[in-house]
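**Q** have a look at this fold, sequence not included:
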Ligand code: HEM
């Protein structure tokens, strides 16, 4: 290369570096503290899906910027404000929710049906489209509707116990992470769209295999999404898929099920309820919002949002109970008493089991699925108590993991103490310090369903087996998945001894 070329390359590099510096001065110019950022990448490599231990970064920053209660970071160029001041959180999630109705925008416009369908999911909708779809879907998750799914959930929980006890009889240890994954897949497939995917009967069932593939994106798939976020046009031109072919498998299965229901067959599951919402003549929005693709999208979303999250909650809670035998025995006593009073594990009994609820809330405190909650500003607003003004499109994150482990709010924060969540102690919990299902009108739409599913499975399991951690598996390693959700990295290996009922 000649000297001129070198000079040109050096000039471009310096200009790019200066541009990067300028983009990364967004927070300092607004008086918000920010940790040193890598040129170009910002904090992308530390906080996002490439990094499987991103909670470590958030924890360090939470401690470092404790007094400011906020810090600014960069996802490549994009500025993100991470904050945890209770008063500001109250405004963002509740009081000024109309300024923060959205999450970040993903434009997956590759001209393919796969991506079009993904864009129809409630989680990715924003503004008026989100509001309208959420309003249609909310009645699907009322207590009454969820109660009607109780028998379906019980069926799958019985299958889980049978499957696990058979394994326990044949092996000294059982990988319960694997079994809980099979249980939540069967339950969600049955409750979401009436499909028997039989993962608790057939070890090689197709459904969980496809789901596992879908949830474990290859390096190329991750790179494709990163590239798409910087230059979407070539993807659209060449109609390159961003989602794996497994999506087609799920779309096909759901479409066939929808078609089978056109004859009026009902099963009392979420699909019936979505179809009812579509056909409700009193709902002026239904025809326009709930087209076939939208219904398919919500059914698939239920799997995406509910499969690993619920399996992780079951894995972590059984692990904690296996480690804390005194709590396990207390809980088994409560469950036995419950069965004695109600004659069986009934819906009513599950709703009344206070220690069962407390154990799950404490598990969710120690291991919340969502590392952070995210909102995107939709209208200009000055944050209360600060000089900081956010404009439309600015992203805000709340570090749930850090709040759940903060010793200022939770004495002995790493200890498993379910009593914190018993009714008599709940009043001591500080607002906005326990948010495993999110907060405000955009929280988890299926919280009650997820808790019911978990409670039934755990109750049935504990009534049959004493759980014990297998030697060498006393610690649980964690990792964050592509969607930022935290889960156990390896198996949850337990020994299970039958107990007298
Ligand atoms: C233990 C299990 C679960 C946990 C811990 C969990 C947690 C969460 C969290 C943290 C959010 C974000 C809330 C926010 O931004 O404020 C969320 C949203 C959501 N969850 Fe769950 N979830 C669970 C199970 C489920 C299940 C079983 C389903 C479906 C059947 C589901 C469907 C959804 C949907 C559709 C949203 C998006 C709501 C919206 O954008 O309006 N989740 N969940």
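**A** It's in. Quantities reported herein were computed from a predicted structural model and do not represent experimental measurements.
**Q** make it CA atoms for all contacts and neighbour counts henceforth
**A** Will do.
**Q** so for the one helix or strand residue 129 maps to, what's the average pLDDT?
**A** Using DSSP states H and E, residue 129 maps to helix 127-137. Helix 127-137 shows a mean pLDDT of 91.
**Q** list the buried ones in that helix?
**A** For helix 127-137, a neighbour-count test (16 or more other C-alpha atoms under 10 Å) marks 130-134, 136-137 as buried.
**Q** and residue 374, helix, strand or coil?
**A** strand (DSSP: H, G, I helix; E, B strand; the rest coil).
**Q** so what's the residue count around it?
**A** Burial measure for residue 374: 20 neighbouring residues, criterion other C-alpha atoms under 10 Å.
**Q** beta partners for the nearest residue to it once chain neighbours are set aside?
**A** Excluding the flanking residues, the one nearest residue 374 by C-alpha to C-alpha, 6 or more residues apart in numbering is residue 397, at 4.5 Å. For residue 397, the beta-bridge partners are residue 82, residue 374 (DSSP bridges).
**Q** you'd agree residue 397 is up against residue 79?
**A** No: the pair residue 397 / residue 79 is not scored as a contact, 10.9 Å apart, by C-alpha atoms under 8 Å.
**Q** tell me which parts of the stretch 101-250 of the chain are close to the ligand?
**A** 122-123, 134 (C-alpha under 6 Å from any ligand atom).
**Q** ok, of these, which one's closest to the ligand?
**A** residue 123 (3.9 Å; C-alpha to the nearest ligand atom).
**Q** so after the helix or strand bottoming out on mean pLDDT in the chain, what's the next helix or strand?
**A** Ranking every helix and strand in the chain by mean pLDDT, DSSP states H and E puts helix 286-289 at the bottom, with a mean of 50. Beyond helix 286-289 in the direction of the C-terminus, DSSP H and E gives the next helix or strand as helix 292-323.
**Q** the next helix or strand after that next one - what's its average pLDDT?
**A** Moving toward the C-terminus from helix 292-323, the next helix or strand (DSSP H and E) is helix 325-342. The pLDDT scores in helix 325-342 average 97.
**Q** could you do stretch 149-164 as well?
**A** So the average pLDDT for stretch 149-164 ends up being 95.
**Q** buried residues in it?
**A** Buried positions in stretch 149-164, judged by neighbour count with 16+ other C-alpha under 10 Å: 149-150, 152-154, 156-164.
**Q** what's it in contact with?
**A** By C-alpha atoms under 8 Å, 6 or more residues apart in numbering, the residues outside stretch 149-164 that reach it are 174, 176, 179-180, 183, 186-187, 190-191, 200-201, 268-269, 347, 453, 456-457, 460-461, 464.
**Q** with stretch 43-61 instead?
**A** Under C-alpha under 8 Å, 6+ apart, the answer for stretch 43-61 is 35, 37, 71, 73-76, 371, 399, 401-402, 478-484.
**Q** what helix or strand is residue 74 on?
**A** strand 70-75.
**Q** from the chain's centroid, how far away is that strand?
**A** Put simply, strand 70-75 sits 22 Å off its chain's centre (C-alpha atoms, centre = their mean, to the nearest Å).
**Q** could you do stretch 248-259 as well?
**A** Relative to its chain's centre, stretch 248-259 lies at 24 Å (C-alpha atoms, centre = their mean).
**Q** ok, residues contacting that stretch?
**A** Contacts of stretch 248-259 (C-alpha under 8 Å, 6+ apart): 114, 193-195, 210, 271, 296, 299-300.
**Q** same check on stretch 400-409?
**A** 55, 58-59, 62, 84, 365-368, 370-373, 410, 413-414, 429-430, 433-436.
**Q** now swap in stretch 115-123 and tell me
**A** Under C-alpha under 8 Å, 6+ apart, the answer for stretch 115-123 is 106-109, 124-125, 130, 133-134, 241-243, 293-294, 296-298, 301.
**Q** now do 7 Å
**A** Contact partners of stretch 115-123, identified using C-alpha atoms under 7 Å, 6 or more residues apart in numbering, comprise 108-109, 130, 133-134, 243, 293-294, 297-298, 301.
**Q** what's the most distant pair in those residues?
**A** Largest separation among the contacts of stretch 115-123 by C-alpha to C-alpha: 134 and 243, giving 24.2 Å.
**Q** what packs against the strand holding residue 74?
**A** On a contact count with 3 or more C-alpha pairs under 7 Å, 6 or more residues apart in numbering; DSSP states H and E, strand 70-75 meets strand 78-83.
**Q** now the strand it packs on: mean pLDDT?
**A** Averaged over strand 78-83, pLDDT sits at 95.
**Q** quick one: the strand holding residue 74 to strand 78-83, angle?
**A** Here the directions of strand 70-75 and strand 78-83 differ by 150 degrees (axes from the mean of the first three to the mean of the last three C-alpha atoms, to 10 degrees).
**Q** what does the protein have sitting close to the ligand?
**A** Within the chain, the positions adjacent to the ligand are 122-123, 134, 302, 305-306, 309-310, 313, 369-370, 373-374, 436-439, 442-447, 450 by C-alpha under 6 Å from any ligand atom.
**Q** in ChimeraX, select just the buried ones from the residues you listed.
**A** Per 16+ other C-alpha under 10 Å, the buried members of the residues of the chain next to the ligand correspond to this ChimeraX selection:
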select :122,123,134,302,305,306,309,310,313,369,370,373,374,436,437,438,439,442,445,446,450
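**Q** ok, back up a step: closest to residue 214 among the contacts of stretch 115-123?
**A** Taking C-alpha to C-alpha as the measure, residue 243 is the one of the contacts of stretch 115-123 closest to residue 214, at 8.3 Å.
**Q** so for stretch 299-308, mean pLDDT?
**A** 89.
**Q** how about residues contacting it?
**A** So stretch 299-308 is contacted by 121, 181, 184-185, 188, 192-193 (C-alpha under 7 Å, 6+ apart).
**Q** ok, these vs residue 341, which is closest?
**A** Closest to residue 341, out of all of these and judged by C-alpha to C-alpha, is residue 184, at 28.2 Å.
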